[in-house]
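Peer 1: Quick one: sequence and predicted model below, then my questions.
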Amino acid sequence: MAAFRAGRFEAALKEFEPLAAGGDALAQLHLGMMYEQGSGVPRDSALAVSWFRRAAERGNAAAQRNLGVMYATGRGVRQDYAQALEWYRKAAEQGHAAAQFNVGALYAKGSGVPQDYAQALAWYRRSADQGYAAAQSAIGKLYAEGLGVPQDYGQALAWYRKAAEQNDAGAQNNLGVFFAGGFSVPQDYAQAAAWYKKAADQGQADALYNLATLYAQGQGVPKDSQQAMALYRRAAEKGQVAALALLVAPKNDQPPAGGVAAAPPAAPPPPAPAAKAPEEAPRPPEPVKEAAEAPAQEEERAEPPSLLGKWICAGTAALGDGTRSRAIEDSFEFVDDDHVIVSSNEVSGTYALRGSRFTLKLPAVAVAAEGRLDFVDADTFHQVTDAPSKDGRVVHRDYRCTRD
């Protein structure tokens, strides 16, 4: 194992292969991670699934959880949330904190099971009680929004703080929102700025926007329009919708006070919802220090099946208020896992993909459009895009896409 931890993957491969062939579950787990990450071997998600399955069937909790990730994200196997839940649960019942969180996230979303916030909370608590930050943040969200529990900002604040103190960027942003809005704490813009900065330093898009707003208004920090604009641009580059809208709005428009939050407090009028957990999904497994397992991510940003090649997309486009609806047809060519060229009579540009979310660079208005891809199966996806038009209004495009 020393060679693997030191990053000497060729030596690790020579060590693991005979052990894995002999049925050693830990070696099988490590081989699975090496193939999923392309560490010392060509990246091969299907082979990674094979090794994870062998280790999982021998009862290795980390492999069970990783196999669940592969089913949830559709890597190396057809996406199947029911199978993901089955493998997550096997690991969770062995006390695996990341898997307990993943089970909770599936119940919260209703993926593979009927949506059940009470079950989500129960599994989140088991994970959070082991100190798992994503679960702590997810519990904060449930209390903040009153999902399966009475709405309780004091409880939300406490759970967000637990996660924030473990450097969870989404929870740090949410703490900032609570301080900016005075929800369950005295209003304190300096504290809000401090928490936003911690999250912004990690690249958290909502925190970048919220910190920019404080600089724009001189709340908790010296007023600095240049710093505000720089932060708004960074947020927009990450697809933060409010920042995108602000950059195409008339110059006299002002951002809202408070912040973009994970939960809407009841009164006074809240910041707009944004979110951290559990709106994200598992990335592919990655090696960690001793346990050699993948870090859990939230369950709602599942990565799509392979997109490479040409797609034909047909649907409708309309203004955000539903007017001026018209039929449209675009061609998409996915050139790699991160970019797709789009061509049509109305829009052309390059999508930058982030899992099932994407940003479309629009040269006509020099900003980006936010959208999502929802897969029906490996050969069909449903795409929704909200893009600013030249006059600043939102154009809603709704496509169904099939392989050419």
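Peer 2: That came through, no problem.

Peer 1: Convert stretch 189-199 to CSV, retaining C-alpha atoms only.
Peer 2: Taking Å, rounded to 0.1, in the frame of the first residue of the first chain, the C-alpha atoms of stretch 189-199 are listed here in CSV:
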residue,chain,number,x,y,z
TYR,A,189,-22.2,42.1,7.9
ALA,A,190,-18.6,41.8,9.0
GLN,A,191,-19.2,38.2,10.1
ALA,A,192,-21.2,37.6,6.9
ALA,A,193,-18.2,38.9,4.8
ALA,A,194,-15.8,36.7,6.8
TRP,A,195,-17.8,33.5,6.1
TYR,A,196,-18.4,34.5,2.4
LYS,A,197,-14.7,35.0,2.0
LYS,A,198,-13.9,31.6,3.4
ALA,A,199,-16.2,30.0,0.8
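
Peer 1: buried stuff in it?
Peer 2: For stretch 189-199, the buried set under the neighbour-count rule, 16 or more other C-beta atoms under 10 Å, comprises 189, 191-199. C-betas here are computed from N, CA, C, even on glycine.

Peer 1: Let's have these in a markdown table, adding distance to residue 143.
Peer 2: Shown next, in a markdown table, are these (distance: C-beta to C-beta, whole Å):
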| residue | distance to residue 143 |
| --- | --- |
| 189 | 23 |
| 191 | 20 |
| 192 | 19 |
| 193 | 24 |
| 194 | 23 |
| 195 | 18 |
| 196 | 21 |
| 197 | 25 |
| 198 | 21 |
| 199 | 19 |
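
Peer 1: Among those residues, which ones are in helices?
Peer 2: Members of the buried residues of stretch 189-199 lying in helices (criterion: DSSP state H): 189, 191-199.

Peer 1: Tell me the one of these nearest residue 76?
Peer 2: Distance to residue 76, by C-beta to C-beta, is smallest for residue 199 among those, at 32.7 Å.

Peer 1: How much space separates that closest one from residue 211?
Peer 2: When distance is defined by C-beta to C-beta, to the nearest Å, residue 199 is 8 Å away from residue 211.

Peer 1: Mind listing the shared neighbours of those two?
Peer 2: Common neighbours of residue 199 and residue 211 are listed as residue 176 (criterion: C-beta atoms under 8 Å, 6 or more residues apart in numbering).

Peer 1: picking that back up, which of the buried residues of stretch 189-199 sits closest to residue 167?
Peer 2: Residue 167 lies nearest to residue 198 out of these, by C-beta to C-beta, at 7.6 Å.

Peer 1: And the pLDDT at the closest one?
Peer 2: If you check residue 198, the pLDDT there is 96.

Peer 1: Quick check: closest non-adjacent residue to it.
Peer 2: What sits nearest to residue 198 in space, not counting adjacent residues and going by C-beta to C-beta, 6 or more residues apart in numbering, is residue 172, at 4.6 Å.
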